[in-house]
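Q: please find the sequence and the predicted model below.
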Number of protein chains: 2
Amino acid sequence: MSQAVKIGVAGLGTVGLGVLELLRKNGALVGARAGRPFLVSAVSARERRRDRGLDLAGVRWFEDATALAADPEVDVVLELIGGSDGIARQVVETALRAGKPVITANKALIAHHGTALARLAEERGVALSYEAAVAGGIPIIKTLREGLAGNRVDRIQGILNGTCNYILTTMRETGREFAEVLADAQKLGYAEADPAFDVDGIDAAHKLAILTALAFGCEVDFAGVHVEGIRRISAMDIQYAEELGYRIKLLGIAQYRAKGVEQRVHPCMVPKGTPLAHVEGVYNAVLAVGDFVGSIMAEGRGAGAGPTASAVVADLVDIVRGAPRPVFTLPTASLAKLPSRGMQEHVGAYYVRLMVVDRPGVIADVTAALRDSDISVESFLQRGRAPGEAVPVILSTHETRESDMQTALARISRLEATLEEPRVIRIETL
Amino acid sequence: MSQAVKIGVAGLGTVGLGVLELLRKNGALVGARAGRPFLVSAVSARERRRDRGLDLAGVRWFEDATALAADPEVDVVLELIGGSDGIARQVVETALRAGKPVITANKALIAHHGTALARLAEERGVALSYEAAVAGGIPIIKTLREGLAGNRVDRIQGILNGTCNYILTTMRETGREFAEVLADAQKLGYAEADPAFDVDGIDAAHKLAILTALAFGCEVDFAGVHVEGIRRISAMDIQYAEELGYRIKLLGIAQYRAKGVEQRVHPCMVPKGTPLAHVEGVYNAVLAVGDFVGSIMAEGRGAGAGPTASAVVADLVDIVRGAPRPVFTLPTASLAKLPSRGMQEHVGAYYVRLMVVDRPGVIADVTAALRDSDISVESFLQRGRAPGEAVPVILSTHETRESDMQTALARISRLEATLEEPRVIRIETL
């Protein structure tokens, strides 16, 4: 067998430790699959003295991760630090400039600087791999870049954040409210102490921007993603979704259109019969539609040491095995610059919940507002009667333009009988 | 851009025509992704004069597919003829001997001769690719060979035959019997005039044998697959499955065990909450369990011109892009020869339906037979009473050894009150 591939691991958090554990346990098998053995030759992390339960004898320690990336005794650099800028970006740029292949699990970095980094990797003729950045152990990057190479893909949609999916699943199963379930998720380690990146949809948006570039062969455009999180989802809406035959999921959706690309992350109602409706708990799933393959879906654990390490090591074997593929399926000079379509132009079905005072004329006012915005109501539900008190009014619409919906909702919000901001959840039937 | 890759297409059936159509429609994009343009330079099929709606001007026609495979003007050979031996095998062997990469959609060929052909490809240093042979457009070969390269996979299970899944889905939806639904499927083109390969499980067994070799790094052992088809599934069993919270699916299952590998294809009851239960109609799906990645599942169309062409062209781009990977993840000399575990040693839960004469003592006789074989009953259902007439008795068991189940069933079959051969469906909870 040929000479060992010397790996430099920058970052010893969950992912870094997972990779070391995988190589310790399955190293011989992975080496046989790659055709060359692997050797972890250098590591870098913030606190050297922390006990990580690791035997790092014979492994060189770098205080400075950038120095690790530049070290001539490191063949491949694993950037497992995280963050869109700062040290993580320096490590990746340093390694690529030195002509070393880089593997990263860093979605923020690729979402913000993917195109520029791809250009750099291309100039140096080395791989920039990021399977672990999206949907954990699911080989969705490989599937889009290689498995669907024969197709024009015009839509991708997925459950891209396990924390949100866990919270929404638990809310449905227990009937509890968001804040309570989030607090429990934090105790269980399924949500971070600062949950904003997850529950506000930013993490999912990072991943969506990456998938969009891959699927459509365009530059990464994180700024073009419309993002809404799950904080405003209430137990009541989850219950109505169930009654109407839907599940509420935080989806990332990218749709190729004649006039540009629509990228959006927001809570959706999906019919119970569709594959994404059945993806529960911390699982992630991505569905892609290609012109020859039709619909395909992949599902698996979206985070955690094991799945993420699995993705990193798959990239490692690919790098040893073959010539690097273009980072986003095409040479960077051929990547399209697709204009992003504003959310105002979105057309789709909507679920709306109003809380109104139960008194004569309210429904007439609401339906007049909808009619005047050309919105066609598909179903209308007012349950129970409590004259003079707050009652929920639930309606769903046929295909409606987002701007029309916003106009109608603004008018409904101003009605005297309206007691809270209307809740709106878009319905996605694919 | 570099010189065109000259493709020789042997076989112009559904798959061959699908590939030509894909290259006609998406050829420029696929060439950009591969970094080289593709040119269909030669084709071969049985009847030259048949109108296929194709413009084959400038494409050389070969009466003899083997001559096409040997032709020096062909760079890559696509074997899309089918059949485990005869001309298809000659074409593949001729091409590999001539040092040409081969892409095939032929599951029977790989299931029967995979190891020997892999050895030949390896000797000549060329690729033998067969993504289209299993689960149509789902990139499951790529997923197992590359995406899960970091894992020890110890189980795979899948819905590998779209015809069977369509029939079982339709039986459930309509309440009709197998023969009737099969006849309709034949009219609609979802089943062949001779349906044996599909409905008797052989096609699924071919695919399972290939997946097993890939997942466990062992030689292909089609003869080691236990195979049962779906002809004996009745509308009544489908209805009971529904009541008990299951769906009936024809699964291919491979389980790695200390003493060897268990490979089996047979109808299964799967709990409605599991991902495979929701895969309906002509869709296929494969679930794999790896030690780091956990459970992952991929779902998509398992057959048809478009999905199959998508898989063939993905292989084509891979061949142009990179160094060939070992056909079954490891060099052939390193492939394990795993003994196949006989079905008698299988341990699992069972669903059993008896048709018995409703008279005193029958249940006592049945339960005595089960007890004497050490079988622990999980649920027992006798619905309705019709003294002196045939009534169904439904039972499910806890973990039971197949040989014990067979002993008990033989004894139950011999009871005077037993009116038909007991129906048995294994329960799979993963």
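A: Noted; the coordinates are in hand. Numbers count the residues shown, from 1 in each chain, chains lettered A, B, ... in the order given.

Q: use CA for all of it now, contacts and neighbours both
A: Fine.

Q: in the stretch 101-250 of chain A, which spans are strands?
A: Using DSSP state E, counting those that start in this stretch, the strands assigned to the stretch 101-250 of chain A run over residues A:102-104, A:128-129, A:153-159, A:225-227, A:246-257.

Q: could you point out which element follows the helix or strand bottoming out on mean pLDDT in chain A?
A: Across the helices and strands of chain A, the lowest-confidence element by mean pLDDT, DSSP states H and E is strand A:377-382, at a mean of 91. Next in sequence after strand A:377-382, counting helices and strands by DSSP states H and E, comes strand A:390-397.

Q: centre of the chain to that following strand, how far?
A: Averaged C-alpha coordinates place strand A:390-397 at 31 Å from its chain's average position (C-alpha atoms, centre = their mean, to the nearest Å).

Q: looking at the strands of the stretch 101-250 of chain A, spot the one closest to residue A:386.
A: Residue A:386 lies closest to strand A:246-257 among the strands of the stretch 101-250 of chain A, at 27.0 Å (C-alpha to C-alpha).

Q: contacts for that closest one?
A: Applying C-alpha atoms under 8 Å, 6 or more residues apart in numbering or on different chains, the contact partners of strand A:246-257 are A:154-161, A:164-165, A:168, A:201, A:204-205, A:208, A:212, A:216, A:229-230, A:238, A:241, A:261-272, A:277.

Q: what is the neighbour count of the nearest residue to residue A:362 once chain neighbours are set aside?
A: Once flanking residues are discounted, residue A:362 sits nearest to residue A:417: 6.6 Å by C-alpha to C-alpha, 6 or more residues apart in numbering or on different chains. When neighbours are defined as other C-alpha atoms under 10 Å in any protein chain shown, residue A:417 has 22 of them.

Q: distance of residue A:417 from residue B:162?
A: Relative to residue B:162, residue A:417 is positioned 55 Å away (C-alpha to C-alpha, to the nearest Å).

Q: likewise for residue A:165?
A: Distance, residue A:165 to residue B:162, using C-alpha to C-alpha: 30 Å.

Q: show me what from the stretch 251-400 of chain A comes close to chain B.
A: Proximity of the stretch 251-400 of chain A to chain B (C-alpha under 8 Å from any C-alpha of the partner chain) is limited to residues A:275, A:278, A:291-301, A:306-311, A:313-314, A:317-318, A:321-326, A:329-330.

Q: repeat that with 7 Å
A: Counting by C-alpha under 7 Å from any C-alpha of the partner chain, the residues of the stretch 251-400 of chain A lying close to chain B are A:292-300, A:306-307, A:310, A:313-314, A:321-323, A:329-330.

Q: per-residue confidence at the residue nearest the centre of chain A?
A: Geometric centre of chain A, nearest residue: residue A:204, 2.9 Å, by C-alpha atoms, centre = their mean. The predicted structure scores residue A:204 at 98 on the pLDDT scale.

Q: is it true that residue A:344 touches residue A:403?
A: Yes - counting by C-alpha atoms under 7 Å, residue A:344 touches residue A:403, with 4.8 Å between them.

Q: so between the two, which is more surrounded?
A: A direct count of neighbours by other C-alpha under 10 Å for residue A:344 and residue A:403 places residue A:403 higher, at 15 against 12.

Q: what's the average pLDDT for stretch A:406-421?
A: Across stretch A:406-421, pLDDT averages out at 95.

Q: quick one: distance of it to the chain centre.
A: Stretch A:406-421 has its C-alpha centroid displaced from the chain centroid by 32 Å (C-alpha atoms, centre = their mean).

Q: for it, buried residues please.
A: A:408, A:409, A:412, A:413, A:417, A:418, A:419 (16 or more other C-alpha atoms under 10 Å in any protein chain shown).

Q: rewinding a little: show me the contacts for the residue nearest to the centre of chain A.
A: A:160, A:161, A:252, A:265 (C-alpha atoms under 7 Å, 6 or more residues apart in numbering or on different chains).

Q: what sits against the residue nearest to residue A:362?
A: For residue A:417, the contacting residues are A:356, A:357, A:362, by C-alpha under 7 Å, 6+ apart.

Q: do the same with residue A:26
A: residue B:150.

Q: that one - that's part of a strand, no?
A: No - counting by DSSP: H, G, I helix; E, B strand; the rest coil, residue A:26 is not part of a strand but helix.

Q: out of the strands of the stretch 101-250 of chain A, deepest packed?
A: Comparing the strands of the stretch 101-250 of chain A by mean neighbour count (mean count of other C-alpha atoms under 10 Å in any protein chain shown), strand A:128-129 comes out on top with a mean of 30.

Q: and it, what does it pack against?
A: Judged by 3 or more C-alpha pairs under 7 Å, 6 or more residues apart in numbering or on different chains; DSSP states H and E, the packing partners of strand A:128-129 are strand A:102-104.

Q: residue A:107 touches residue A:133, doesn't it?
A: Yes - with contact defined as C-alpha under 7 Å, residue A:107 reaches residue A:133; the gap is 4.7 Å.

Q: wait, is residue A:353 part of a strand?
A: Yes - counting by three-state DSSP, residue A:353 is located in a strand.

Q: report the contact partners of it.
A: Taking C-alpha under 7 Å, 6+ apart, we find residue A:353 in contact with A:392, A:393, A:394, A:395, A:422, A:423, A:424.

Q: bridge partners for it, pull those for me.
A: Counting by DSSP bridges, residue A:353 is bridged to residue A:394, residue A:423.

Q: related to what we said a few turns ago, could I get the contacts of residue A:204 as JSON lines with pLDDT?
A: As requested, the contacts of residue A:204 are arranged in JSON lines below (pLDDT from 0 to 100):
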{"residue": "A:160", "pLDDT": "98"}
{"residue": "A:161", "pLDDT": "97"}
{"residue": "A:252", "pLDDT": "98"}
{"residue": "A:265", "pLDDT": "98"}
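
Q: domain map for chain A?
A: Taking automatic domain parsing as the reference, chain A has its domains at A:5-133, A:140-302+A:328-343, A:346-427.

Q: what about residue A:327, distance to residue A:102?
A: Shown here: residue A:327 relative to residue A:102, a distance of 11 Å by C-alpha to C-alpha.

Q: with residue A:154 instead?
A: From residue A:154 to residue A:102 the distance is 29 Å (C-alpha to C-alpha).

Q: returning to what we had before: now render the domains of chain A as TSV, adding distance to residue B:177.
A: Converted to TSV, these look like this (distance: least, C-alpha to C-alpha, whole Å):
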stretch	distance to residue B:177
domain A:5-133	46
domain A:140-302+A:328-343	24
domain A:346-427	37
